[in-house]
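Engineer: Okay, predicted coordinates and the sequence, questions at the end:
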Amino acid sequence: MLAHCVSLTANALYVRGGSAEREANAALLARQVGLDMAAYWQPTAASYFGRVSKERIVGAVREGASDQAAQKIAGMRKQAMAEAAEVALAGKGWLPSVLRQAPGEAAA
């Protein structure tokens, strides 16, 4: 019942130009419950890479894997790039910035 009530009132949806207060409240809630999105979600071609720009895909691979891996996929077509990024980042725990906790914000 508590989870249902919280789900009706806690809005952590990321929206451009969204409320800083809403995002701060969502971050506080995530810290308090010890939410680790890397334990529950992994970027795939279908869930993430197929929906973002090629530049963002290359940046994710550079950040989560290596410069060399990013250079390998840089010239690929979008679908092939998304699939290669999924393989390159599988099991690495990489998350888009919106799903990460800021440094020092581990649950107490």
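Structural biologist: Structure's in. What do you need? Numbering: from 1, shown residues only.
Engineer: can you tell me which residues contact the residue positioned nearest the centre of the chain?
Structural biologist: Central residue of the chain (CA atoms, centre = their mean): residue 96, 2.8 Å from the mean position. The contact partners of residue 96, by CB atoms under 8 Å, 6 or more residues apart in numbering, come to 43, 48, 60. C-beta coordinates here come from the backbone N, C-alpha and C atoms, glycine included.
Engineer: quick one: which of those sit in helices?
Structural biologist: residue 60 (DSSP state H).
Engineer: need the contacts of residue 96 in CSV with neighbour count, distance to residue 19 and pLDDT, can you?
Structural biologist: Conversion of the contacts of residue 96 to CSV gives the following (neighbours: other CB atoms under 10 Å; distance: CB to CB, whole Å; pLDDT from 0 to 100):
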residue, neighbour count, distance to residue 19, pLDDT
43, 23, 26, 96
48, 21, 24, 96
60, 22, 26, 98
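Engineer: Now do residue 85, the pLDDT please.
Structural biologist: At residue 85, the model reports a pLDDT of 98.
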